[in-house]
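Novice: Provided below are the primary sequence and the corresponding predicted coordinates.
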Amino acid sequence: MFTVYGFITYFAQGLFWPLSFFNAKLNTWTKGRRQTWKIIAGLPKQDRKTVWLHVASLGEYEQAVPILQAMKSQATPPFVAVSFFSPSGYEVVKNRVLADVVCYLPLDTPSNAKRFLHHLNPDVALFVKYELWPNYLKTLRHRKIPHFLVAARFYKGQALFNYRFGRKLLSSFEAILCQDQQSLELAQQMAPNTSVSLAGDTRFDRVYHLAEELHPVERIEKFVNQRFCLVVGSSWPEEDQLIIRYLKENLRDDFCVIIAPHRPSKSHSDGLRSALNEPVVLWSEEETPSSRVLIIDHIGLLNQVYQSATIALVGGGFKTGLHNTLEPAALGIPVLIGPQYDTFPEVVELVKQGGLLVVHDYETFEEALSNFQKQSRLVTEMGTLNKSEIIKHVGATQKVMKAIENYL
């Protein structure tokens with residue numbers, strides 16, 4: 001299997017370069033990986049422990065933040081290198097990442113893995129969620145570098161479990177620290193000789209502490225102006241259509257909506273403006289005139305925007321994959337989502353507890369908004385349920401740190 005995987009990887013490496021001329025994201029990805037060698041080749045020899053932490057993208061990085069903060073708060077902080085696979089994560093946080101060095105992960109070939117680990121020479125390596133790169137894991141084993149899978153999450157039907165190759169990859173780890181009970185049971189089946197434990201989801205730690213530290217944004221508060229405010233986070237066309245219809249059918253001026261698209265762009269903003277046929281304000285504009293609609297055409301502001309929400313609608317639950325519901329839940333506000341959420345254990349639990357409400361179509365969406373606007377008590381009760389559920393799950397970071405403390 002390694003031979004087949006190696007052939008595919010080398011073939012892909014040769015293919016990406018010519019394709020990058022025709023795809024902006026791939027071009028960014030390719031150029032970034034070339035820079036990695038310059039970054040790590042120039043690293044001085046460290047007189048302290050070195051930790052390599054790898055994440056796929058922005059979501060996994062957010063899960064890693066509490067771990068990075070915990071390591072940095074130690075009496076003798078380790079030297080930390082964070083690598084990203086995706087440009088959608090790296091490009092957003094490259095200038096504010098909590099690490100001594102940040103880079104793209106070179107493509108998973110045997111030679112790249114050997115070269116990368118030779119320069120970095122970590123004392124311990126952490127992979128977040130289900131980042132399993134065979135050649136990097138093989139090289140870590142060969143160099144006898146302990147490596148952990150943290151905030152691990154598995155689900156039935158996952159391709160990883162269809163092949164013996166997946167069992168071999170999981171067995172490579174010193175320990176696997178799982179987010180939830182289902183992941184724990186699946187990991188134990190696949191890697192019976194590996195230490196597997198239930199540590200919890202570090203995202204709860206992340207959103208809880210973030211909620212405690214955030215302060216309202218004056219410009220957002222001025223726009224809301226004490227109105228009932230729906231914040232649509234990481235919206236896709238399905239959520240946009242709900243908002244467009246609702247605003248056309250409900251003309252009340254004590255209601256406002258802030259839309260933070262998953263992929264903000266001028267064409268998207270122009271399309272919303274045209275479809276709504278009413279004044280729309282963009283975050284990028286200097287002035288904030290009177291309007292019922294504000295579009296956040298900028299990445300990285302969503303958690304701050306949620307602070308001003310009466311309720312939130314989190315995007316992706318109708319078709320593309322549900323986005324982060326924990327951020328608004330931690331702020332103690334009710335959350336609306338689409339019907340496709342069964343693969344997210346934390347969301348299933350929040351729905352069960354009553355802080356998240358599932359809307360299936362426009363009719364149920366309109367009914368939910370009507371109920372919230374008529375019953376302020378309902379807003380408070382559901383928000384309190386969400387906040388309590390977040391607090392109940394705080395503590396995963398401590399368990400991760402306990403597992404790796406002997407290597408720091």
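Specialist: Okay, I see it.

Novice: Quick check: which element contains the residue nearest the centre of the chain?
Specialist: For the chain, the residue nearest the mean C-alpha position is G59 (1.4 Å; CA atoms, centre = their mean). For G59, the host element (DSSP states H and E) is helix 58-72.

Novice: What average pLDDT does that helix get?
Specialist: The average pLDDT within helix 58-72 is 93.

Novice: Put the alpha carbons of the helix or strand A329 falls within into PDB.
Specialist: Assigned by DSSP H and E, A329 belongs to helix 326-330. Output of helix 326-330 as PDB, limited to C-alpha atoms (Å, rounded to 0.1, in the frame of the first residue of the first chain):
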ATOM      1  CA  LEU A 326     -19.800  26.400  19.300                       C
ATOM      2  CA  GLU A 327     -18.700  30.000  18.900                       C
ATOM      3  CA  PRO A 328     -22.200  31.500  19.100                       C
ATOM      4  CA  ALA A 329     -23.300  28.900  21.700                       C
ATOM      5  CA  ALA A 330     -20.400  29.900  24.000                       C
END
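
Novice: buried stuff in it?
Specialist: Buried residues in helix 326-330, counted by 16 or more other CB atoms under 10 Å: 326-330. C-beta coordinates here come from the backbone N, C-alpha and C atoms, glycine included.

Novice: tell me what it is packed against?
Specialist: helix 202-213, strand 228-235, helix 376-392 (3 or more CB pairs under 8 Å, 6 or more residues apart in numbering; DSSP states H and E).

Novice: Name the surrounding residues that touch it.
Specialist: Residues from elsewhere that reach helix 326-330 (CB atoms under 8 Å, 6 or more residues apart in numbering): 203-204, 207-208, 210-211, 231, 233, 302-303, 306, 309, 312, 314, 335, 346, 350, 355-356, 386-387, 389-390.

Novice: before we move on, what about stretch 89-106?
Specialist: For stretch 89-106, the surrounding residues in contact (CB under 8 Å, 6+ apart) are 28-29, 32-33, 35-37, 39-40, 43, 53-61, 65, 68-69, 72, 79-85, 87, 112-113, 115-116, 133, 136, 299-300.

Novice: And for stretch 52-67?
Specialist: So stretch 52-67 is contacted by 68, 80-86, 88-89, 92-93, 97-99, 105, 120, 122, 124-129, 131, 133, 136, 150-151, 201-203, 205-206, 209, 324, 396-397, 400-401 (CB under 8 Å, 6+ apart).

Novice: Give me the subset of these lying in strands.
Specialist: 80-84, 124-128, 150-151 (DSSP state E).

Novice: Let me have the residues you listed in a markdown table, extended by neighbour count, pLDDT and distance to R143.
Specialist: Below are the ones in strands among the contacts of stretch 52-67 laid out as a markdown table (neighbours: other CB atoms under 10 Å; pLDDT from 0 to 100; distance: CB to CB, whole Å):
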| residue | neighbour count | pLDDT | distance to R143 |
| --- | --- | --- | --- |
| V80 | 23 | 96 | 19 |
| A81 | 23 | 96 | 15 |
| V82 | 26 | 96 | 20 |
| S83 | 25 | 96 | 16 |
| F84 | 27 | 95 | 22 |
| V124 | 20 | 97 | 12 |
| A125 | 27 | 98 | 10 |
| L126 | 28 | 98 | 16 |
| F127 | 28 | 97 | 15 |
| V128 | 24 | 96 | 21 |
| V150 | 27 | 97 | 20 |
| A151 | 27 | 95 | 24 |
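
Novice: any idea which of the residues you listed is closest to A175?
Specialist: Using CB to CB, V150 comes nearest to A175 of the ones in strands among the contacts of stretch 52-67, at 8.8 Å.

Novice: the bottom helix or strand of this structure by mean pLDDT?
Specialist: helix 2-19 (a mean of 57; mean pLDDT, DSSP states H and E).

Novice: shaky segments in the stretch 251-400 of the chain?
Specialist: For the stretch 251-400 of the chain, the stretches with pLDDT under 70 are 287-289.

Novice: And the helices in it, which stretches?
Specialist: Along the stretch 251-400 of the chain, counting by DSSP state H, counting those that start in this stretch, helices occupy 266-276, 302-305, 326-330, 345-353, 362-374, 376-392, 396-404.

Novice: got those as a markdown table, with distance to I145 columns?
Specialist: Output for those, formatted as a markdown table (distance: least, CB to CB, whole Å):
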| stretch | distance to I145 |
| --- | --- |
| helix 266-276 | 44 |
| helix 302-305 | 34 |
| helix 326-330 | 32 |
| helix 345-353 | 31 |
| helix 362-374 | 50 |
| helix 376-392 | 35 |
| helix 396-404 | 12 |
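
Novice: winner for burial among those helices?
Specialist: Mean neighbour count (mean count of other CB atoms under 10 Å) peaks for helix 326-330 among those, with a mean of 28.

Novice: Now do the helices in the stretch 51-200 of the chain.
Specialist: Under DSSP H, counting those that start in this stretch, the stretch 51-200 of the chain gives helices at 58-72, 87-93, 110-120, 134-142, 164-170, 181-190.

Novice: To S376, which of those lies closest?
Specialist: For the helices of the stretch 51-200 of the chain, the distance to S376 is smallest for helix 58-72, at 31.1 Å, taking CB to CB.

Novice: Give the full set of residues in contact with I390.
Specialist: Counting by CB under 8 Å, 6+ apart, I390 has contacts 204, 207-208, 211, 326, 329-330.

Novice: ok, those vs G157, which is closest?
Specialist: Checking the contacts of I390 one by one against G157 (CB to CB), the nearest turns out to be L326, at 23.8 Å.

Novice: thinking again about what came up before, please name whichever of the helices and strands packed on helix 326-330 is nearest to I220.
Specialist: Among the helices and strands packed on helix 326-330, strand 228-235 sits nearest to I220 (CB to CB), with 8.9 Å.

Novice: Packing partners of the helix or strand just after that closest one?
Specialist: Note on strand 228-235: by DSSP H and E, the next helix or strand toward the C-terminus is helix 237-249. Judged by 3+ CB pairs under 8 Å, 6+ apart, helix 237-249 is in contact with strand 228-235, strand 255-261, helix 266-276, helix 362-374.

Novice: Quick check: nearest residue in space to T397, chain neighbours excluded?
Specialist: Excluding the flanking residues, the one nearest T397 by CB to CB, 6 or more residues apart in numbering is P66, at 4.1 Å.
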